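**Student:** what shape does this take:
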Amino acid sequence: MRAIGQQLDRGVYPRVMCGGLVAPNDSAVPYDDGRETQHVCAKSGSEAGAEGARARAPSSGEASSPPPRRSWPPSATASLVGGSLAARYQAEVERLPAFYPGARVWVQEQGLWLLTGSALLPASSSDATFLTGISYSVPAIRSWGFWGSPNFPVTWIGPRHTNCPDGSVCAFDSIDGTWCLGDPLVDLLDLYSLWALRHLHLRLFGRWPGLQSVPFPFERRAELKDDELCGCGESHLTYGKCCQTKDMAEAPIVSSIRYSISFGLRRPPDAILRFVREQVRPPALEQYIEAQPAPLFLARSPLPSRRARH
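**Tutor:** Numbering: from 1, shown residues only. Down below sits the predicted model:
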């Protein structure tokens, strides 16, 4: 865990293995273009050999040359809505247990709910569970993360790097193009596994490892530790050596009010919590995915580069 955190601080992103296991990146080559994971899956049975791992998808590449993320240009996204997007993801869901064993799916008229587990670390009791809702009719996707496996009681992962007000996962800034609706689901789940691993690092060591996107001064003041990398997107300095002094110049009461107004109380809706714990009667996608306002980070000003993200 400590080694992974140190690599993240240097801009070296780990490998995400089958089952959401996160491992240090042996190549230790930093890259800086918004692609945070190398996707690999351990071979099993007769496939096992000297290589020890295989690429998760044909587009996967070496860590020093990250795989292309988007399967088609953004302008093609609209044509994927409805039947074609549904067909693509239904086919992916059928193959998903090969990469995330135990994955469960609940199909609704206009989309699906996906429940997956990520082991995060070998021999660790800190598993993570993700509930992901995908809407086809109104192209949208939203996920919630929880500590615990899908077969045991779970508690919500947050509030840091979650969206307001529903506490959904904020694993990357959408403006960076790290992942877009229509890209492979396994890539998204790998990003969530890394997000949960960072939360585990925060819980164990008291700091968020690696680059993060925190553009609001009052948010940085409330959440960042002085030895974390600053979230302004302007430098690779720690918060204490970058924006902390400037952010602290704002009156504490004013900063607190701005933070409360912008972020408020973040928590998953009761129906989401109940479904993850009971796994019966899935919530209506049109109520919790389609009808909800866009997450707050979509309204943030674009960053000057594609470097910083959650």
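
**Student:** can you give me the strands in the chain?
**Tutor:** Along the chain, counting by DSSP state E, strands occupy 15-16, 22-23, 38-42, 53-55, 104-108, 111-118, 128-135, 140-147, 155-156.

**Student:** list the residues that contact R198.
**Tutor:** 8, 161, 208-210, 310 (Cβ atoms under 8 Å, 6 or more residues apart in numbering). C-beta here means a position set from N, CA and C on the backbone, and glycine is covered the same way.

**Student:** so for it, what's the pLDDT?
**Tutor:** With respect to pLDDT, R198 scores 97.

**Student:** could I get the contacts of R198 in TSV, plus columns for distance to D187 and pLDDT?
**Tutor:** Supplementary listing: the contacts of R198 in TSV, determined by distance: Cβ to Cβ, whole Å; pLDDT from 0 to 100:
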residue	distance to D187	pLDDT
L8	18	95
H161	18	94
W208	22	97
P209	21	96
G210	18	95
H310	15	40
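
**Student:** relative to Q90, which of the residues you listed is nearest.
**Tutor:** H310 (28.6 Å; Cβ to Cβ).

**Student:** re the thing from before, ok, of the strands of the chain, where does mean pLDDT dip lowest?
**Tutor:** strand 53-55 (a mean of 27).

**Student:** can you redo the strands of the chain as a markdown table with distance to G240 and mean neighbour count?
**Tutor:** As requested, those are exported to a markdown table (distance: least, Cβ to Cβ, whole Å; neighbours: other Cβ atoms under 10 Å):
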| stretch | distance to G240 | mean neighbour count |
| --- | --- | --- |
| strand 15-16 | 30 | 26 |
| strand 22-23 | 27 | 21 |
| strand 38-42 | 31 | 21 |
| strand 53-55 | 38 | 14 |
| strand 104-108 | 44 | 16 |
| strand 111-118 | 31 | 23 |
| strand 128-135 | 29 | 25 |
| strand 140-147 | 28 | 22 |
| strand 155-156 | 29 | 14 |
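
**Student:** export those to TSV and tack on distance to M1?
**Tutor:** Listed next are these as TSV, based on distance: least, Cβ to Cβ, whole Å:
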stretch	distance to M1
strand 15-16	14
strand 22-23	9
strand 38-42	18
strand 53-55	20
strand 104-108	28
strand 111-118	14
strand 128-135	14
strand 140-147	15
strand 155-156	20
